[in-house]
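[1] Any chance you can model this:
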Amino acid sequence: MSASSFAALPPLVGPRTLLRPAQADDRDAFVAAAQASVTLHAPWVTAPSDEAAFDAWVHNAGPSFHPMLLVNRDDGGLAGVYNLSQLVLGNFCSAYLGAYAFTPHAGRGLMAEGLALLLHHAFERAGLHRVEANIQPGNTRSIKLFERGGFKREGLSPRYLRIGGLWCDHERWALTVEDWRG
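    I've put the predicted structure just below:
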């Protein structure tokens, strides 16, 4: 999937949300949402919170990186983000998934609805066999989101990812297309 074909994908629509590829013209709304959500995200993730970081994030979209925005259908506000990254097809057919909500939409179940849409995108549109999410053990909200979404904990990866200058342990959660369809 080329960058232009990814950007042209139609949104996936749920009862309260829609999931669509991030676009350059989302910059102002995204940066405002990221800046308003710094406290919500700390210490788990650092969202692109200025124009240059947002532009770099969107510019990386293409065959191996799908930055997706979750939009609240009631008010059109950005509810969250799903980053499907390092998509590899062939014998591997897998990708990594990161997600975060935006204030004031957190805690309303919108991310769970969006995760279902994202999994449809990953397994049906992108043709993946497996999606893996790596979550810091203390991030109970994210763990609950992925667990409710059908992901299974596979283990612990010590000092897996550098966040805020520190190498942080992460729990490895994954879902395969067979379990998703099951």
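
[2] switch to C-alpha atoms for all contacts and neighbour counts from now on
    Noted.

[3] Find the residue closest to the most centrally placed residue in the chain in space, skipping its chain neighbours.
    Residue closest to the mean C-alpha point of the chain, counted by CA atoms, centre = their mean, is Tyr82 at 1.7 Å. Nearest in space to Tyr82, with sequence neighbours left out and distances taken as CA to CA, 6 or more residues apart in numbering, is Ala99 at 4.4 Å.

[4] quick check, the one you found in a strand?
    Yes - the assignment for Ala99 by DSSP: H, G, I helix; E, B strand; the rest coil puts it in a strand.

[5] can you list contacts of whichever strand or helix holds Ser85?
    Taking DSSP states H and E as the criterion, Ser85 maps to strand 78-88. Here strand 78-88 makes contact (CA atoms under 8 Å, 6 or more residues apart in numbering) with 29-30, 33, 63-72, 93-106, 110-111, 118, 122.

[6] burial of Pro10, as a residue count?
    When neighbours are counted by other CA atoms under 10 Å, Pro10 registers 11.

[7] quick revisit: so what strands line up beside the strand holding Ser85?
    Sheet pairing of strand 78-88 (DSSP bridges) gives strand 65-72 (antiparallel), strand 94-101 (antiparallel).

[8] Buried residues of it, list them for me.
    78-85, 87-88 (16 or more other CA atoms under 10 Å).

[9] before we move on, what about stretch 17-29?
    Quick answer for stretch 17-29 (16+ other CA under 10 Å): 17-23, 27.

[10] could the residues you listed go into JSON lines alongside secondary structure, pLDDT and distance to Arg172?
    As requested, these are exported to JSON lines (DSSP: H, G, I helix; E, B strand; the rest coil; pLDDT from 0 to 100; distance: CA to CA, whole Å):
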{"residue": "Thr17", "secondary structure": "strand", "pLDDT": "98", "distance to Arg172": "27"}
{"residue": "Leu18", "secondary structure": "strand", "pLDDT": "97", "distance to Arg172": "27"}
{"residue": "Leu19", "secondary structure": "strand", "pLDDT": "98", "distance to Arg172": "24"}
{"residue": "Arg20", "secondary structure": "strand", "pLDDT": "97", "distance to Arg172": "26"}
{"residue": "Pro21", "secondary structure": "strand", "pLDDT": "97", "distance to Arg172": "25"}
{"residue": "Ala22", "secondary structure": "coil", "pLDDT": "97", "distance to Arg172": "26"}
{"residue": "Gln23", "secondary structure": "coil", "pLDDT": "95", "distance to Arg172": "29"}
{"residue": "Arg27", "secondary structure": "helix", "pLDDT": "97", "distance to Arg172": "31"}
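
[11] residue ranges with poor pLDDT in this structure?
    By pLDDT under 70, the weakly predicted segments of the chain are 1-4, 182.

[12] 80 instead?
    Within the chain, the ranges that satisfy pLDDT under 80 run 1-5, 7, 164, 182.

[13] Tell me if I'm right that Asn139 and Val45 touch.
    No - applying CA atoms under 8 Å as the test, Asn139 and Val45 come out as separate, 10.4 Å apart.
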